[in-house]
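Trainee: 3D model of this:
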Amino acid sequence: MDAVQVSFGVVVLLVVLAVAFDFMNGFHDAANSIATVVSTGVLKPQQAVVFAATFNVIAVFVFHLSVAATVGKGIVQPGIVDHYVVFGALVGAIAWNVITWWYGIPSSSSHALIGGIVGAVIAKSGVGALVAGGVLKTVAFIFVSPLLGYLLGSLMMVAVAWACRRSSPLRVDNWFRRLQLVSAGLYSLGHGGNDAQKTIGIIWMLLIATGYASATDAMPPTWVIWTCYIAIGLGTMFGGWRIVKTMGQKITKLKPVGGFCAETGGAMTLFFATALGVPVSTTHTITGAIVGVGSVRRASAVRWGVAGNIVWAWIFTIPASAFIAAVFYWLGLQVL
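Mentor: This is a model prediction of the structure:
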């Protein structure tokens with residue numbers, strides 16, 4: 001797509017749409033950051049969202065833009081993306097987020113966006129236009145991130161149980177009420193660091209496609225970085241209360257020690273994925289960690305039916321958002 005054929009107004013409209021997705025990402029995924037700390041009673045919901053949003057934004061100082069580079073340059077072959085592809089991708093992701101938020105299903109905003117990009121690109125140029133390595137890495141972590149969250153969450157729970165075996169339950173509860181603030185802060189840091197970069201990546205993709213940035217640039221414009229981190233923080237602040245109950249209490253009942261282990265295991269997984277530049281799902285990660293913590297106590301402590309329904313939402317996210325994105329790519333050809 002020749003850059004001169006794309007009006008500045010269309011580019012602004014798509015940037016606004018991307019920022020709206022970023023805000024919704026924070027709104028939709030707020031439960032991931034705050035469900036455990038709210039359900040254990042360590043923080044009130046209003047306190048928790050401000051706490052989580054603050055760490056979402058602080059993440060701008062902590063993480064390199066590896067995930068943004070993967071989304072912006074590592075999923076689609078050079079020269080394929082145009083403003084119609086970006087439009088289809090964003091609408092596909094936003095639509096799936098709205099559907100799953102409305103029904104209280106903790107699906108992945110990350111994979112909705114990746115699915116949107118994949119669907120719009122296939123609608124334009126076919127499967128060959130995708131970068132197989134970038135797509136496969138993202139798809140692989142659909143399975144890796146919850147399994148790693150499960151493993152780390154359960155190992156943390158075992159280690160803590162052994163370390164505190166001679167302490168009274170009241171003393172353990174009091175200690176981990178304080179420590180859960182640390183783990184929740186780390187998880188929110190990882191959440192902001194990984195998720196904000198996905199929107200940075202798609203705006204960067206748009207700016208390159210329309211000639212407002214160069215494909216040789218090492219980093220996206222500074223205003224893009226700050227806008228995306230602030231937007232996801234504001235989204236978290238407004239919160240996704242419909243999903244909090246599912247994440248915090250329906251999968252398994254959590255105490256502060258369990259919340260600490262789940263959040264720490266989830267945070268470790270997010271830090272690892274972000275360092276590798278993988279756009280991983282924070283939803284998948286914390287769900288796996290919560291299930292891991294619950295299963296250490298006993299298998300029956302986990303409501304496997306609820307967990308199973310969540311897994312089905314994971315499976316459908318990429319194809320569903322891809323389908324919606326393909327439809328809106330074609331509609332975009334008519335209206336943009």
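Trainee: Check the secondary structure at residue 212 for me.
Mentor: coil (DSSP: H, G, I helix; E, B strand; the rest coil).
Trainee: How about it: what's its closest non-neighbour residue?
Mentor: Closest residue to residue 212 apart from its sequence neighbours, by Cβ to Cβ, 6 or more residues apart in numbering: residue 11 at 6.5 Å. For the C-beta atoms, the positions are set from N, CA and C on the backbone; glycine is no exception.
Trainee: Give me the neighbour count for that neighbour.
Mentor: 20 (other Cβ atoms under 10 Å).
Trainee: And the pLDDT at residue 333?
Mentor: In this model, residue 333 is scored at 92, pLDDT.
Trainee: Now do the buried residues in the host helix or strand of it.
Mentor: Here residue 333, judged by DSSP states H and E, is contained in helix 304-335. If you call a residue buried by 16 or more other Cβ atoms under 10 Å, then helix 304-335 has these buried ones: 306-307, 310, 313-314, 316-318, 320-329, 332.
Trainee: again with stretch 99-118
Mentor: In stretch 99-118, counting by 16+ other Cβ under 10 Å, buried: 99-101, 104-118.
Trainee: what's the span of it, first residue to last?
Mentor: Length of stretch 99-118, first residue to last, Cα to Cα, to the nearest Å: 19 Å.
Trainee: Quick one: mean pLDDT over it.
Mentor: Here the average pLDDT along stretch 99-118 is 83.
Trainee: pLDDT below threshold where in the stretch 51-200 of the chain?
Mentor: By pLDDT under 70, the weakly predicted segments of the stretch 51-200 of the chain are 106.
Trainee: can you map out the strands along it?
Mentor: In order along the chain, the stretch 51-200 of the chain carries no strands (DSSP state E, counting those that start in this stretch).
Trainee: Quick check: which element contains residue 203?
Mentor: Using DSSP H and E, residue 203 falls in helix 169-209.
Trainee: helices and strands around that helix, which ones?
Mentor: Where contact means 3 or more Cβ pairs under 8 Å, 6 or more residues apart in numbering; DSSP states H and E, helix 169-209 is packed against helix 8-39, helix 45-58, helix 66-73, helix 83-102, helix 109-125, helix 222-238, helix 256-276, helix 282-297.
Trainee: All good on my end, thank you.
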